[in-house]
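A.B. asks: everything below, folded, please.
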Amino acid sequence: MTRRPSRTTFRVRLDEMVSSIRKSIITGSIEPDQYLPSEKQLAEQYGLSVQSVRKGLDLLVSDGLIVKIPKIGSKVMDPADKSAVTIRLGYQPTIPDDADIHRLIAMFHQEHPNIHVEAVPLANFSYDHISPYLESGLLDVLTLNYENFLQFSERGSLDDLEALDRQEEIYPFLSDAFTEDGLLRIQPFVFSPLVLCYNRSHFAQRGLQEPNSSWSWQRLSECAASLDIPNERVGFHCYFSTPNRAAILLMQKGGAFERHENGRLKLSGTRMLDAIRYSREIYRETPSLPSSLMSWESQKIDMFRQGKLSIAILSYFILNHFRDTDLDYDIAPVPHFGTPLTVLIIIGMAVNARSKNKEAAKKLVDFVTSPKAQLAIRQNTCSLPALIPAAEWRGPETSKINRPSRFPMFREIMPSYRLFSDLNVKDSEFRKLFGELRLYWAGLESEENLCREIESIGSQNHPT
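C.D. replies: Numbers count the residues shown, from 1 in each chain. Okay, the predicted model is just below:
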């Protein structure tokens with residue numbers, strides 16, 4: 001029985017055809033006013049159906065590189081004849097490290113010379129800060145994470161983001177996170193679970209077994225104490241300084257927040273209060289650091305890179321800070337209480353529904369999630385591309401990157417992935433809640449006052 005070629009094979013061949021013709025036109029190998037081979041000839045050359053060839057030629061038409069003349073053929077246009085379009089991409093300052101975005105933009109310019117991408121780093125990505133950029137049309141494309149998606153959803157503003165086509169080869173759980181009422185509003189781009197990152201040399205020096213999937217928080221505490229060396233290094237620092245990291249222990253031990261009948265959060269007498277108490281104990285037991293080292297997460301990353309910190313809870317994104325070092329490190333699943341569970345971080349790209357260059361903006365989103373761009377992310381960074389074949393790619397490494405030996409571990413722990421919204425709180429509620437938790441964990445608020453403040457959060461409008 002003859003095996004039918006997969007859809008992936010057809011897509012690769014189609015991409016090859018379009019890229020080859022595009023490159024020939026841009027470099028002048030095929031001059032303006034010449035005609036391309038017939039659709040039948042192209043189909044035979046690239047092993048495609050005539051229908052697939054027509055779809056590829058339509059992409060070149062939309063790029064302004066060819067024009068179809070009925071009953072004659074596809075005529076090559078001069079790329080310089082088409083006026084250039086400029087689109088503005090707003091991105092978080094970490095994106096150059098997270099996804100090597102400037103490399104991807106350069107690759108995009110090669111394939112779309114008439115679309116210029118102006119990259120605009122934005123320090124603040126809260127909804128209130130982003131919204132004016134969208135309303136005024138100052139941004140055409142922007143990188144957004146899951147928290148941003150929730151902010152747009154809670155404010156009923158998802159229509160500000162253009163609905164996009166779902167890609168079959170992107171992990172479904174990533175697309176599901178950015179979908180509401182059947183519409184995909186943000187195209188998943190890169191992702192990462194939170195994992196345990198540790199210095200292998202430190203474990204070897206102490207004769208300790210390296211972390212594995214069976215590790216409990218108690219085991220972590222015991223090893224951290226053995227790894228700690230006064231005036232030299234810290235075994236483990238409680239790295240729950242962000243909502244995502246704080247959510248790990250809360251979900252593992254507390255499950256989800258309960259609510260009163262009026263919709264307000266319930267805390268007294270719940271499992272979640274036990275989880276919050278346990279988290280406070282971890283803060284008390286781990287070594288304290290000078291206030292000068294507590295202000296910026298980058299300083300904590302530097303501590304790990306310099307061998308001043310043995311164990312930390314990090315994301316694959318943060319591993320990019322170690323990719324050019326000779327640091328002997330590895331990763332493992334985060335500790336748990338019997339049921340593995342970790343928090344998932346997703347970054348995607350969205351198109352401004354008010355953009356005057358919407359089609360050009362969509363081309364950029366399509367490109368950065370294409371097999372070519374996603375494979376570039378996999379090969380040149382420690383981040384995880386959203387496209388399954390790229391994320392799970394196995395082949396000869398073309399760049400010298402210091403990756404952990406357990407890099408493929410993300411596939412095995414996928415059943416443990418959770419979104420922080422699984423805590424049964426809105427994004428706006430969690431921000432208020434997190435502020436109160438930090439005061440309590442720091443010993444600056446009593447449990448009685450904590451319960452009172454948290455139980456004032458929420459309303460009857462929250463779905464139960």
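
A.B. asks: Gly263 reaches Gly458, doesn't it?
C.D. replies: Yes. Between Gly263 and Gly458 there is a contact under Cβ atoms under 8 Å: 5.0 Å. For the C-beta atoms, the positions are set from N, CA and C on the backbone; glycine is no exception.

A.B. asks: who has more neighbours, the two?
C.D. replies: For Gly263 versus Gly458, neighbours defined as other Cβ atoms under 10 Å are more numerous around Gly458 (22 against 14).

A.B. asks: so who does the closest residue to that one other than its chain neighbours touch?
C.D. replies: Nearest residue to Gly458, sequence neighbours excluded (Cβ to Cβ, 6 or more residues apart in numbering): Arg264, at 4.0 Å. When contacts are counted by Cβ atoms under 8 Å, 6 or more residues apart in numbering, Arg264 touches 455-459.

A.B. asks: can you check the pLDDT for Arg264?
C.D. replies: Model confidence at Arg264, expressed as pLDDT, equals 93.

A.B. asks: can you tell me how far it sits from Leu14?
C.D. replies: Between Arg264 and Leu14 the computed distance is 54 Å (Cβ to Cβ, to the nearest Å).

A.B. asks: and for Gln205?
C.D. replies: Distance, Gln205 to Leu14, by Cβ to Cβ: 54 Å.

A.B. asks: and stretch 260-277, which residues are buried?
C.D. replies: By neighbour count on 16 or more other Cβ atoms under 10 Å, the buried set for stretch 260-277 is 264-267, 270, 272-273, 275-276.

A.B. asks: and the contacts of Arg264, which are buried?
C.D. replies: 457-458.

A.B. asks: and the longest strand for this protein?
C.D. replies: The strand that spans the most residues within the chain, counting by DSSP state E, is strand 187-199.

A.B. asks: count of residues packed around Cys223?
C.D. replies: Counted with other Cβ under 10 Å, the neighbours of Cys223 add up to 23.

A.B. asks: contacting residues for it?
C.D. replies: Contact partners of Cys223, counting by Cβ under 8 Å, 6+ apart, are 203, 208, 211, 235-236, 311.

A.B. asks: read off the pLDDT value for it.
C.D. replies: Reported pLDDT for Cys223: 94.

A.B. asks: what about it, which helix or strand?
C.D. replies: Using DSSP states H and E, Cys223 falls within helix 217-227.

A.B. asks: list the buried ones in the longest helix anywhere in the chain?
C.D. replies: The helix that spans the most residues within the chain, counting by DSSP state H, is helix 7-27. By neighbour count on 16+ other Cβ under 10 Å, the buried set for helix 7-27 is 13-14, 17-18, 21-22, 24-26.

A.B. asks: what does stretch 120-130 give?
C.D. replies: For stretch 120-130, the neighbour count (16+ other Cβ under 10 Å) marks 125, 127, 130 as buried.

A.B. asks: turn those residues into TSV, including secondary structure and distance to Phe152.
C.D. replies: Converted to TSV, the buried residues of stretch 120-130 look like this (DSSP: H, G, I helix; E, B strand; the rest coil; distance: Cβ to Cβ, whole Å):
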residue	secondary structure	distance to Phe152
Phe125	coil	12
Tyr127	helix	6
Ile130	helix	9
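
A.B. asks: which of these lies at the shortest distance from Asp324?
C.D. replies: Sorting the buried residues of stretch 120-130 by how near they are to Asp324, with Cβ to Cβ, puts Phe125 at the top with 26.5 Å.

A.B. asks: helices of the stretch 151-300 of the chain, start to end?
C.D. replies: Remark: helices assigned in the stretch 151-300 of the chain by DSSP state H, counting those that start in this stretch are 172-177, 200-206, 217-227, 243-254, 271-285, 297-305.

A.B. asks: could you point out which element follows the last one?
C.D. replies: Downstream of helix 297-305, the next assigned helix or strand under DSSP H and E is strand 309-315.

A.B. asks: what are the pairing partners of that next one, and which direction each?
C.D. replies: Sheet pairing here is set by DSSP bridges, and for strand 309-315 it gives strand 187-199 (antiparallel), strand 234-236 (parallel).

A.B. asks: those strands: lowest mean pLDDT?
C.D. replies: Note on the strands paired with strand 309-315: lowest mean pLDDT is at strand 234-236, with a mean of 89.

A.B. asks: now it: buried residues?
C.D. replies: For strand 234-236, a neighbour-count test (16+ other Cβ under 10 Å) marks 234-236 as buried.

A.B. asks: OK, contacts around the residue nearest to Ile301 when sequence neighbours are not counted?
C.D. replies: Distances taken as Cβ to Cβ, 6+ apart put His321 closest to Ile301, at 5.2 Å, once the chain neighbours are dropped. His321 makes contact with 97, 301, 305 under the criterion Cβ under 8 Å, 6+ apart.

A.B. asks: list the contacts of Ser213.
C.D. replies: Ser213 neighbours (Cβ under 8 Å, 6+ apart): 332-333, 340, 413.

A.B. asks: where does confidence bottom out across those residues?
C.D. replies: For the contacts of Ser213, the pLDDT minimum is Pro340, 94.

A.B. asks: right, and that one touches Pro333 too?
C.D. replies: Yes. With contact defined as Cβ under 8 Å, Pro340 and Pro333 form a contacting pair (5.8 Å).

A.B. asks: between those two, which one's more packed in?
C.D. replies: With neighbours defined as other Cβ under 10 Å, Pro340 and Pro333 compare such that Pro333 has more, 23 against 18.

A.B. asks: quick one, what contacts the more buried one?
C.D. replies: Contacts for Pro333 were tallied using Cβ under 8 Å, 6+ apart; they are 195-196, 211-213, 215, 340, 342, 409, 413, 416.

A.B. asks: which residue is the nearest non-sequential neighbour of it?
C.D. replies: Ser213 (4.8 Å).

A.B. asks: go on, Ser405?
C.D. replies: In space, and not counting its chain neighbours, Ser405 is closest to Asp330: 5.6 Å by Cβ to Cβ, 6+ apart.

A.B. asks: so what are the sheet partners of whatever helix or strand that neighbour lives in and their directions?
C.D. replies: Using DSSP H and E, Asp330 sits in strand 329-332. Each strand paired with strand 329-332, and its direction, by DSSP bridges: strand 187-199 (antiparallel).

A.B. asks: what angle do the strand it pairs with and helix 217-227 make?
C.D. replies: 50 degrees (axes from the mean of the first three to the mean of the last three Cα atoms, to 10 degrees).

A.B. asks: count of neighbours near His237?
C.D. replies: Neighbours of His237 (other Cβ under 10 Å): 23.

A.B. asks: correction: Ser355
C.D. replies: 20.

A.B. asks: and it, what pLDDT?
C.D. replies: pLDDT, Ser355: 95.

A.B. asks: tell me the confidence at the closest residue to it other than its chain neighbours?
C.D. replies: Of all residues not flanking Ser355 in the chain, Asp140 sits nearest, at 4.2 Å (Cβ to Cβ, 6+ apart). Looking at Asp140, its pLDDT reads 97.

A.B. asks: and the one 10 residues further on, by the same measure?
C.D. replies: Here the pLDDT value assigned to Leu150 is 95.

A.B. asks: break the chain down into its domains, please.
C.D. replies: 14-76, 81-190+345-391, 193-344+404-454 (automatic domain parsing).

A.B. asks: nearest to Glu397, of those?
C.D. replies: Here domain 81-190+345-391 is closest among these (Cβ to Cβ), at 7.0 Å.
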